[in-house]
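Novice: curious how this folds, go ahead:
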Amino acid sequence: MPRFDYLIVGAGLFGSVFARQMADAGRKCLVVDKRSHIGGNCFTENLGGIDVHRYGPHIFHTNSLRIWNYVRRFAEFHPYRHKVKACCRGQLYSLPINLLTLHQLWGVTTPGEARAKLESVREPVANPANLEQWALSQVGRDIYELFFRGYSQKQWGKHPRDLPASILSRLPIRLNFNDDYFDDNFQGIPIGGYTAIFEKLLGGVDVRLGTDYFANRGHLEALAEKIVYTGQIDRFFDYCRGPLDYRTLRFETQRLAVEDFQGGAIVNYCDADVPFTRITEFKHFQPQGRRPLHTAITHEYPMPWTQMAEPYYPINSSANDAIADEYRRLKPPNVIFGGRLGSYRYYDMHQVIASALAAAEHELADPAHRRPAAGIFHTVTNCAAPSQASSDGHVVANYANGGNLMASEAQANWHTGGDASVACNYLLLGPEGRELARNVILHANGGIYTDMHHLRTRRWSRLPSVPNALLCGGTIWRWSDGHMTTTNLSALPAQRWRTGKLRRRVADSPGAGPGCAELRPQPPVPSDRSKFEIVVAKYREDVAWTQCYPDNTTVYCKDPQDSRFISLPNVGREYGTYLHHIVSRYESLSERTFFVQGDPFFHRPLAFCHYASAQESFKFDPNSRQTMAQAANWGWADQTADGRVKAAFLRLLERRWDITEYRFTWGAQFAVTRDLIRRRPREYYQKLYGISQLPEITLAGRRFDNLHIGFLFEFFWESIFCGQHTPQGAGGKADNQETGRCTN
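Specialist: Alright, predicted model coming up:
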């Protein structure tokens, strides 16, 4: 019988975080690593009072409060903001590209001058397919040749035409003097280095260093039920679908008897004839009071990778990704892949932590792996026994800590608080894969929540013929002998949904039914924020659901009592938030942005994965259609929007107003591409943002307050992005009535 629940191959970030989560849940883990130390590529060693990152610099940065709070459980962080300089043709420049960089190059002094100059040098490329095309389309040939071509070719060993655009699209281009390398809200360097973090993550976990998994594979795999593998995914399968490409590095570290070698932490060397890509001076990562009088530097040399070398970076070309997908399809059911090499993804540290937490939570949420604890059944009301229910048949009990949270319909609030842990984002699928509910949130505490109109999984059906049993999501939850156990409903007939409540009848004999509902994780969204970003407009809603997408989410908060997120003044409802984001991030927008309210489920948006993978430039679920002549009122008699008012509003937006009807989605939830947004200049959105900050406006002789301006915006987001500029202007319009397809 296996001695361990999990064999974890690799003591790096993914393996160590996963081990910590599972150990805290009572699972036994064995961690093995071929190196002589823990920490993987984050390993830090002290060299004369300087914390040197042996495998290159690691700066922790994230926009996820959850990830930031998690990592700070294990270390105190110095609030470091990363600055980088670039040495090109003997001159030093500010990076990332910002107004100072453009002034150094072209002498421009204002954002307007810089924007005009960039527009004049950009080489139009409709859909950049590689790094070179992306750079030329964004900054033109001079900047591409100076900063990107030589550096990228050195770093990756390939011509930029053979590299994906995503490598550079991670870097912002700013028209102000902000030279922070990262935009993230939370940034820092752990005081004392990263190794101490791993010592705490792996505290109490069995760790075997200097152990080669492949040399001892049969013996090690026999010790555990499941394998968590963070090495090369192609080597796991003995390269049966062909080898993947990687890039390796050589590090030369020196201790120097000078107080300051280069004046900052990192200087990049962009010229192709300089063999190294950067010099790191590690003492600049430490607080001023902790810096010795000498220094330590590391030169970083990219090298061709061989099977005897250490792979540091996956090279995500289309050919490599296709091979990696083949390997993923070969994954045995008892194996979990993770980390940069196991996922074959160019992840940052916060992304690795998020993926490790998600993997651990998915394991703990899976009924096949859950181990409910005894004696922890608590009643929400004054029920004397766990099987009691209210008069309408709804459960009035709360089972926590390893089981499922059953919230009473009488309970005023399902919210679990901003620090609640979320396991994953699911679809609830019925027989034959029919979608019954979307955006189902399964909290790590067991709570299941979803959109309110279609299905209320807060309501649990009683099963009168099954003692002490409740039904939800295709699973029977039964209380017996102090434990909550689960049983899949393979013997039950097809379910019917009435009045938002799940109803089934129990089959007379096992195996009589055609199947049952299941919770299935949604397909993943791109983990790269530059590809897909979720922008949340929050007031006092519970946004714990955003933990499903910690690397993709930016939350703007208008509650002055909540300082956890990016603060905005409490005017302009969600439309002000959306426009603020577009204006402030116009030059660094993600390829696709999904705009959504803090509590999206009431309005039942499409599954989030649909917004991320959409082919449409403007993706929404048009759940309402109105004619221009149809009067709209939201409860205030003097705030009625008739046809004249709507036409006046569209004129104010500089949109086509002589339309007969329009489609919209309640809740103003939509995804829009960067290219479509940039069809209009930033000044246009600044004008709209100015409208959102006004206390009132007058339309067709009628005054509308700030709240009701928001309802008008809610009607016409499709017109803003897809509508024609004037009644006579050229441009496309929505042409798919079912999916909100926009081809403009």
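
Novice: where along the stretch 451-600 of the chain do the strands fall?
Specialist: Taking DSSP state E, counting those that start in this stretch as the criterion, the stretch 451-600 of the chain contains strands spanning 461-462, 469-472, 475-480, 483-488, 496-498, 501-503, 518-521, 532-538, 553-557, 566-567, 592-597.

Novice: and the last one, which strands flank it?
Specialist: Pointing back at strand 592-597 there. Its sheet considered, strand 592-597 pairs with strand 532-538 (parallel), strand 670-673 (antiparallel) by DSSP bridges.

Novice: Asn706: which of these is closest?
Specialist: Minimum separation from Asn706 across the strands paired with strand 592-597 (Cβ to Cβ) falls at strand 532-538, 14.3 Å. In this view, the C-beta of every residue, glycine as well, is placed from N, C-alpha and C.

Novice: just the CA trace of the closest one, in PDB.
Specialist: Only the C-alpha atoms of strand 532-538 are listed here, as PDB (Å, rounded to 0.1, in the frame of the first residue of the first chain):
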ATOM      1  CA  PHE A 532      -6.900  38.500 -21.300                       C
ATOM      2  CA  GLU A 533      -7.800  40.800 -18.400                       C
ATOM      3  CA  ILE A 534     -10.900  40.900 -16.200                       C
ATOM      4  CA  VAL A 535     -11.700  44.400 -15.100                       C
ATOM      5  CA  VAL A 536     -14.100  44.400 -12.100                       C
ATOM      6  CA  ALA A 537     -16.200  47.400 -11.000                       C
ATOM      7  CA  LYS A 538     -16.700  46.900  -7.300                       C
END
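
Novice: neighbours of Arg682, how many?
Specialist: 18 (other Cβ atoms under 10 Å).

Novice: could you measure from the residue lying closest to it once chain neighbours are set aside over to Arg592?
Specialist: Nearest residue to Arg682 in three dimensions, chain neighbours excluded: Tyr586, at 4.4 Å (Cβ to Cβ, 6 or more residues apart in numbering). For Tyr586, the distance to Arg592 equals 15 Å [Cβ to Cβ, to the nearest Å].

Novice: more neighbours: these two, which one.
Specialist: Arg592 (24 against 19).

Novice: which residues touch the more buried one?
Specialist: Neighbouring residues of Arg592 by Cβ atoms under 8 Å, 6 or more residues apart in numbering: 531-533, 611-612, 614, 671-674.

Novice: just these now: which is nearest Phe711?
Specialist: Looking across these and measuring by Cβ to Cβ, the closest to Phe711 is Val672, at 19.7 Å.

Novice: would you agree that closest one is in contact with Ala614?
Specialist: No. Using Cβ atoms under 8 Å as the test, Val672 is too far from Ala614 to be in contact (9.9 Å).

Novice: between these two, who's got more neighbours?
Specialist: Set side by side, Val672 and Ala614 show more neighbours around Val672, with 27 against 21, by other Cβ under 10 Å.

Novice: what's the separation between Ile353 and Ile38?
Specialist: Separation of Ile353 from Ile38 (Cβ to Cβ): 16 Å.

Novice: check Asp675 too.
Specialist: The gap separating Asp675 from Ile38 is 45 Å, by Cβ to Cβ.

Novice: ok, now Arg679?
Specialist: Separation of Arg679 from Ile38 (Cβ to Cβ): 51 Å.

Novice: Val84 now?
Specialist: According to Cβ to Cβ, Val84 and Ile38 sit 29 Å apart.

Novice: got any ranges where the stretch 251-400 of the chain has weak pLDDT?
Specialist: 366-400 (pLDDT under 70).

Novice: hmm, back to that, now distance to Lys558 too, for the strands paired with strand 592-597, in JSON lines please.
Specialist: Listed next are those as JSON lines, based on distance: least, Cβ to Cβ, whole Å:
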{"stretch": "strand 532-538", "distance to Lys558": "7"}
{"stretch": "strand 670-673", "distance to Lys558": "20"}
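
Novice: among these, which comes closest to Tyr344?
Specialist: Here strand 532-538 is closest among these (Cβ to Cβ), at 18.8 Å.

Novice: what residues does the closest one touch?
Specialist: Contacts with strand 532-538, where a contact means Cβ under 8 Å, 6+ apart, come from 525-526, 543, 546, 549, 552-559, 562, 565, 573-574, 577-578, 581, 589-598, 608, 611-612.

Novice: if we can go back for a sec, more neighbours: which of Asp675 and Ile38?
Specialist: Legend: neighbour count by other Cβ under 10 Å for Asp675 and Ile38, higher for Ile38 (24 against 13).

Novice: in stretch 40-47, what counts as buried?
Specialist: With burial defined by 16 or more other Cβ atoms under 10 Å, the residues of stretch 40-47 counted as buried are 40-44, 47.

Novice: over to stretch 582-596?
Specialist: For stretch 582-596, the neighbour count (16+ other Cβ under 10 Å) marks 582-583, 585-596 as buried.

Novice: stretch 184-201 now?
Specialist: Buried residues in stretch 184-201 (16+ other Cβ under 10 Å): 184-190, 192-198, 201.

Novice: now for those, which pair is the farthest apart?
Specialist: For the buried residues of stretch 184-201, the farthest-apart pair by Cβ to Cβ is Asn185 and Thr195; their separation is 25.8 Å.

Novice: just to revisit the earlier point, how about the strands paired with strand 592-597 in a markdown table, adding mean pLDDT and distance to Ile691?
Specialist: Shown next, in a markdown table, are the strands paired with strand 592-597 (pLDDT from 0 to 100; distance: least, Cβ to Cβ, whole Å):
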| stretch | mean pLDDT | distance to Ile691 |
| --- | --- | --- |
| strand 532-538 | 94 | 16 |
| strand 670-673 | 96 | 19 |
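
Novice: quick check: which of those strands is nearest to Glu123?
Specialist: Comparing the strands paired with strand 592-597 under Cβ to Cβ, the one sitting nearest is strand 670-673, at 19.9 Å.

Novice: what's the following helix or strand after that closest one?
Specialist: Scanning forward in sequence from strand 670-673 by DSSP states H and E, the next helix or strand is helix 674-677.
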